[in-house]
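Asks: Okay, here's the prediction I keep looking at, along with the sequence it came from:
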Amino acid sequence: MKRSLVLILALLSAGFSIYILLYLFEGTAPAVDTALPSGYLKKGYEMSMNVSDMKTGLQQIIVTVMQQGKEITLLDKQYEPPGFFGIFFGPKTMADSFMVPIEISKYGITDGEVIIRITGTDNSLRGWGRGNTSHIENKLIYDSKPPELAVLSDQHNIERGGTGFIIYKTSEDTIKSGVEVENNFFPGHSGLFENRNIHSCFFALTYLQGPGTKLSLIAEDMSGNIAKKNFNHYIRDKKYPTDTLEISDSFLEKKLPDFESGIKEESFEGQDNPLLKKFLYINEDLRKENEDQILKITSNSETIKHWEGSFSRLARSERKAGFADHRIYQYKGSEVDRAVHLGIDLASTAHSPVYPANEGKVILAELIGIFGNTVIIDHGFGLCSLYSHLDRIQVKPGDGVKKETQIGITGLTGMAAGDHLHFSMMVHNVFVNPIEWWDDSWINNNISSKIKAVKQRSDI
């Protein structure tokens, strides 16, 4: 009996000892998950942290910022000690999360290297009760000076609905630079010149933006410093014509069955002239949805200049409608709707072959609502061209195309009343007047000569 009791006590003692060694003296340091900035420390940065220790629980978390031997404590959080028996059974903090503001202006930090140090300890009895410790150190650069901007190109002329081009240099690497037109930002890109700090940017005015539109050159560096600079420019005004289009019942009966409007279809039933109601929905809501879809695609352009020289138009074609024509739609003599035509309609013989206006890469080839069968070609640096109402598409996304590559044939898909090609040019996320891009002189004066002049400069 006594031997059995001694054996049981010995086993319990051994088990307790093993528990002490494996649990109370566990050797896993707290896990620290934090979103530290990469490379550069921005003003007013707020660092998120998640800490955990799923065995003996958290004891203390310290966050400091150091520069030139000076250390400033940003956070020193000590957790309620569980006590000896608490380690076994009592409450302890196993995980925590918080935001640590790093307010540079308060700490007297100057430009240069900064170290952010995070230390976390747990309640393990290792190290004579000091616990397991996690150390994280991140070396960053703090820079309070905004980048300098130098405009290298001259004569920045642009007209309402047209395209502008600027070449500029930044004094340091930037994460973002380009031209701001009112509230719209056009990104600049390096790549045209060997010096990676020389950037070029195509920017645009919508058909609504004329003289008085505010243009600024901006750049943001790795530390979040922003530079903004005005540059010399001249905006020419331009008037766009107004056309009146008569909508007939035969047109509605012929075209509208091609458009499925989903749940909206039910809302047209039972109304006076449901076909006209459906047309108004397509001409307003669907048109806006389709245009947004196109501009979302063209806003992601490659940083490669694919094109060279002037852009071509549909061979042996006649212009049927112009860019930014303001259209008034009439039904039985009364105005029912208005819209703006954001391209040029070109008509030749039916089913004429369609070729790219210039070299590029196909980024879309599919049916798009009112535009019908559509191909979009990326020419690089934010410049794209669009070909719509095609009867047949002969390319696919990812295809590289040259001027002699046939991409389709003209047709009357979408909201086209007759066989023609709808041709558009886009700069980033704005439809622009294609006529400029068909003009050799315009391209030379506004783009090619600027690139040549900058390449010949010896001071950059």
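Replies: Cool, got the structure. As the structure is a computational prediction, the values presented were derived from the model and not from experiment.
Asks: For residue 250, identify the helix or strand it belongs to.
Replies: Using DSSP states H and E, residue 250 sits in helix 249-255.
Asks: Which secondary structure elements does that helix sit against?
Replies: Helix 249-255 sits against helix 274-281, with contacts defined as 3 or more C-beta pairs under 8 Å, 6 or more residues apart in numbering; DSSP states H and E. For glycine as for every other residue, the C-beta is placed from the backbone atoms N, C-alpha and C.
Asks: list the buried ones in the helix it packs on?
Replies: Across helix 274-281, burial judged by 16 or more other C-beta atoms under 10 Å covers 275-281.
Asks: Looking at those, which is nearest residue 99?
Replies: For the buried residues of helix 274-281, the residue nearest residue 99 by C-beta to C-beta is residue 281; the value is 46.6 Å.
Asks: Residue 266 is in contact with the closest one, correct?
Replies: No. Using C-beta atoms under 8 Å, residue 281 is not in contact with residue 266, being 12.0 Å away.
Asks: quick one: contacts for the closest residue to residue 62 other than its chain neighbours?
Replies: Leaving aside its sequence neighbours, residue 62 sits nearest to residue 119 (C-beta to C-beta, 6 or more residues apart in numbering; 4.6 Å). By C-beta atoms under 8 Å, 6 or more residues apart in numbering, residue 119 lies in contact with 60-63, 133-136.
Asks: So which residues of the stretch 301-450 of the chain form strands?
Replies: 318-321, 325-331, 334-341, 344-347, 353-354, 360-368, 372-380, 383-393, 400-401, 408-410, 421-427, 430-432 (DSSP state E, counting those that start in this stretch).
Asks: Those: which one's closest to residue 157?
Replies: Using C-beta to C-beta, the nearest of the strands of the stretch 301-450 of the chain to residue 157 is strand 430-432, at 14.1 Å.
Asks: Just give the number of residues close to residue 240.
Replies: For residue 240, the number of neighbouring residues by other C-beta atoms under 10 Å comes to 15.
Asks: ditto for residue 28
Replies: 14.
Asks: My reading is that it is in a helix; is that accurate?
Replies: No. Checked against DSSP: H, G, I helix; E, B strand; the rest coil, residue 28 lies outside a helix; its state is coil.
Asks: Okay, it and residue 135: tell me how far apart.
Replies: Look at residue 28 and residue 135: by C-beta to C-beta, to the nearest Å, they are 14 Å apart.
Asks: show me where the stretch 1-150 of the chain has helices.
Replies: Assigned by DSSP state H, counting those that start in this stretch, the helices in the stretch 1-150 of the chain fall at 2-19, 84-88, 104-107.
Asks: Confidence-wise, which of the ones you listed is weakest overall?
Replies: Of all these, the minimum mean pLDDT falls on helix 84-88 (a mean of 52).
Asks: How about the contacts made by the nearest residue to residue 71 once chain neighbours are set aside?
Replies: Spatial nearest neighbour of residue 71, excluding adjacent residues (C-beta to C-beta, 6+ apart): residue 64 at 5.1 Å. Residue 64 makes contact with 71-74, 116-117, according to C-beta under 8 Å, 6+ apart.
Asks: Tell me the spacing between residue 64 and residue 74.
Replies: 6 Å.
Asks: cool, residue 149 as well?
Replies: From residue 149 to residue 74 the distance is 34 Å (C-beta to C-beta).
Asks: What lies in contact with the helix holding residue 250?
Replies: Contacts for helix 249-255 (C-beta under 8 Å, 6+ apart): 275-276, 278-279, 415, 417.
Asks: hmm, back to that, which residues does the residue nearest to residue 71 form a beta bridge with?
Replies: Taking DSSP bridges, one finds residue 73, residue 117 as the beta-bridge partners of residue 64.
Asks: 13 is where my numbering starts, stick with that
Replies: That works, and once the first residue is 13, the last one we named lands at residue 76.
Asks: For it, give its distance to residue 412.
Replies: 54 Å.
Asks: any low-confidence regions in this structure?
Replies: Within the chain, the stretches with pLDDT under 70 are 13-36, 49, 95-102, 141, 273-275, 277, 282.
Asks: Helices of the stretch 163-312 of the chain, residue ranges please.
Replies: Under DSSP H, counting those that start in this stretch, the stretch 163-312 of the chain gives helices at 261-267, 276-280, 286-293, 299-310.
Asks: Redo the ones you listed as a markdown table? Include distance to residue 63.
Replies: Below are these laid out as a markdown table (distance: least, C-beta to C-beta, whole Å):
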| stretch | distance to residue 63 |
| --- | --- |
| helix 261-267 | 63 |
| helix 276-280 | 52 |
| helix 286-293 | 54 |
| helix 299-310 | 40 |
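Asks: Return the most buried member of the ones you listed.
Replies: helix 286-293 (a mean of 18; mean count of other C-beta atoms under 10 Å).
Asks: which strands and helices sit next to that helix?
Replies: Checking 3+ C-beta pairs under 8 Å, 6+ apart, helix 286-293 ends up next to helix 261-267, helix 276-280, strand 346-353.
Asks: Does anything pack onto the longest one? Which helices or strands?
Replies: It refers to strand 346-353. Strand 346-353 packs on helix 286-293, strand 337-343, going by 3+ C-beta pairs under 8 Å, 6+ apart.
Asks: I'd like the strands of the stretch 313-462 of the chain written out as JSON lines, with mean neighbour count added.
Replies: Output for those, formatted as JSON lines (neighbours: other C-beta atoms under 10 Å):
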{"stretch": "strand 330-333", "mean neighbour count": "14"}
{"stretch": "strand 337-343", "mean neighbour count": "16"}
{"stretch": "strand 346-353", "mean neighbour count": "14"}
{"stretch": "strand 356-359", "mean neighbour count": "22"}
{"stretch": "strand 365-366", "mean neighbour count": "20"}
{"stretch": "strand 372-380", "mean neighbour count": "19"}
{"stretch": "strand 384-392", "mean neighbour count": "24"}
{"stretch": "strand 395-405", "mean neighbour count": "24"}
{"stretch": "strand 412-413", "mean neighbour count": "16"}
{"stretch": "strand 420-422", "mean neighbour count": "23"}
{"stretch": "strand 433-439", "mean neighbour count": "25"}
{"stretch": "strand 442-444", "mean neighbour count": "26"}
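Asks: so which of those gets nearest residue 209?
Replies: strand 384-392 (19.5 Å).
Asks: Now do the closest one: distance to the chain's middle.
Replies: 19 Å (C-alpha atoms, centre = their mean, to the nearest Å).
Asks: Who are the contact partners of residue 115?
Replies: residue 56.
Asks: Sorry, slip of the keys, the one I care about is residue 178.
Replies: 163, 165, 168, 191, 200, 212-213, 215, 229, 243.
Asks: Could you turn the buried ones of those into a PyMOL selection?
Replies: Applying 16+ other C-beta under 10 Å to these leaves a buried subset, and the PyMOL line that selects it is:
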select buried, resi 165+168+191+200+212+213+215+229+243
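Asks: wait, which of the contacts of residue 178 is closest to residue 421?
Replies: Among these, and counting by C-beta to C-beta, the member closest to residue 421 is residue 215, at 34.0 Å.
Asks: Which one, of the helices and strands packed on helix 286-293, ends up nearest to residue 62?
Replies: Going by C-beta to C-beta, the one of the helices and strands packed on helix 286-293 nearest residue 62 is helix 276-280, 45.8 Å.
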